[in-house]
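> A predicted structure for the sequence below; I have some questions about it.
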Amino acid sequence: MPAPSGTKRVKGKRISRNIIIGSEAFTLPKPGDPARPKGIPDEHTTKWTVYVRQPAGDPDMTAWLNKVQFKIFQTYDNPLRTIENPPFEVTETGWGGFMVDIRLHFQSISGEKPQYRHHFLQLERYGDEKQRAKQEAENCVRSEVLEVVEFNEPTEALFDALTSENQWDYLTKGGKKSAAALSASGGPRRGMPGSGERSAQLPERGGEDVAFSKEQEEMLIDKIREAGKEIDAKIKAENQARELVERRLKELRSELGHEASAQATQQASGERVRRR
């Protein structure tokens, strides 16, 4: 019996997607400070957010990611948090770091089982003196890592979704940055276009806030290849012209004889010297 439509696997194909798994921690004002938010236990010193995000300029992760489950420390109410729409993140307050279990649930068209990741919630400042000073000045301790999710021989439906052009619609939706690319304060999220952050990873597509992308890289490579073909063609034409001259000279030597040919060659050489 043939496989149901959309569940067939695309043999010999593998598609990968990058995600950023990380956290941000902010020191809270001390108890009694008017700036301290209401309803936070006195022993809580930090507000933190743990998240799963896509790198700047990468295709929309919701094409393949359905929901994310974060399992935080068991002392919190409802420690298993399920986030079904972006931004995929959980925000809480606390006083100590711990390991967060993260479960990635894929879209039903993928036919894939969930994958697990782990992230340690870093609340304390770390790094060298300069890095610690920067964290203190910004009141933000950020810890994140780039992860790769691979789909080996994806279903036909997932392959179509991962190669669709509309994965980049969020970059220019309505001529503005989409809400998923903005933080709660309205500024660009970390790992999103316009954040101004440097990354070793090239985004898939270009945009107003993306200086260079894989798409532009491929265009430049194509131009270099075309230029190389033009150079090869010119070299081939030069070689053919040289072979034609050499063949004609050989014919003249044969017609005039060796001595006459030598005389003609000497005369031609003298004329070239005079012209110089």
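Sure, I can see it. Numbers count the residues shown, from 1 in each chain.
> mind listing residues that contact the helix or strand hosting Asp160?
Asp160 belongs to helix 156-162 when elements are defined using DSSP states H and E. Taking contacts as CB atoms under 8 Å, 6 or more residues apart in numbering, the residues outside helix 156-162 that touch it are 5-10, 13, 15, 17, 59, 63-64, 107, 109-112, 151, 154, 167. Every C-beta, even on glycine, is put in place using the N, C-alpha and C of the backbone.
> show me which positions of it end up buried.
For helix 156-162, a neighbour-count test (16 or more other CB atoms under 10 Å) marks 157-159, 161-162 as buried.
> and the contacts of helix 156-162, which are buried?
Among those, those scoring as buried are 10, 15, 17, 59, 63-64, 107, 109-112, 151, 154, 167 (criterion: 16+ other CB under 10 Å).
> for Lys8, see how far away Ile235 is.
In this view, Ile235 and Lys8 are 48 Å apart by CB to CB, to the nearest Å.
> sorry, slip of the keys, the one I care about is Gly22.
Look at Gly22 and Lys8: by CB to CB, they are 36 Å apart.
> for this protein, longest strand please?
The longest strand of the chain (DSSP state E) is strand 14-27.
> so where do the helices sit in the stretch 151-276 of the chain?
Counting by DSSP state H, counting those that start in this stretch, the stretch 151-276 of the chain has helices at residues 156-162, 214-275.
> please identify the deepest-packed of those.
Mean neighbour count (mean count of other CB atoms under 10 Å) peaks for helix 156-162 among the helices of the stretch 151-276 of the chain, with a mean of 19.
> tell me how far that helix lies from the chain's centre.
The chain centroid and the centroid of helix 156-162 are separated by 19 Å under CA atoms, centre = their mean, to the nearest Å.
> stretch 81-91 too?
Centre-to-centre, stretch 81-91 and its host chain are 22 Å apart (CA atoms, centre = their mean).
> from the rest of the structure, what touches it?
The contact list for stretch 81-91, computed with CB under 8 Å, 6+ apart, reads 47-53, 61-62, 65-72, 180, 189.
> could I get the average pLDDT for it?
Stretch 81-91 shows a mean pLDDT of 97.
> mind listing what's buried along it?
Across stretch 81-91, burial judged by 16+ other CB under 10 Å covers 81, 86-90.
> where along the stretch 1-150 of the chain do the strands fall?
Applying DSSP state E, counting those that start in this stretch to the stretch 1-150 of the chain gives strands spanning 14-27, 46-53, 65-71, 80-83, 88-94, 99-106, 115-120, 141-152.
> can you give me the buried ones in the first one?
Neighbour-count burial for strand 14-27, with 16+ other CB under 10 Å as criterion, is recorded at 15, 17-25.
> what of the third one?
Neighbour counts using 16+ other CB under 10 Å place 65, 67-71 of strand 65-71 among the buried residues.
> closest to Leu220 among the buried ones among the contacts of helix 156-162?
Nearest to Leu220, judged by CB to CB, of these is Pro59 at 20.5 Å.
> verify the stated contact: the closest one with Ser16.
No: with contact defined as CB atoms under 8 Å, Pro59 does not reach Ser16; the gap is 11.3 Å.
> so where's this structure uncertain?
For the chain, applying pLDDT under 70 flags the ranges 1-6, 173-215, 258-276.
> show me the domain layout of it.
The record assigns the chain these domain ranges, following automatic domain parsing: 14-202, 213-276.
> any idea which of the buried ones among the contacts of helix 156-162 is closest to Arg225?
Checking these against Arg225 by CB to CB gives Ile15 as the nearest, at 24.2 Å.
> which residues touch that closest one?
150-151, 154, 159, 162-163.
> all set now, cheers.
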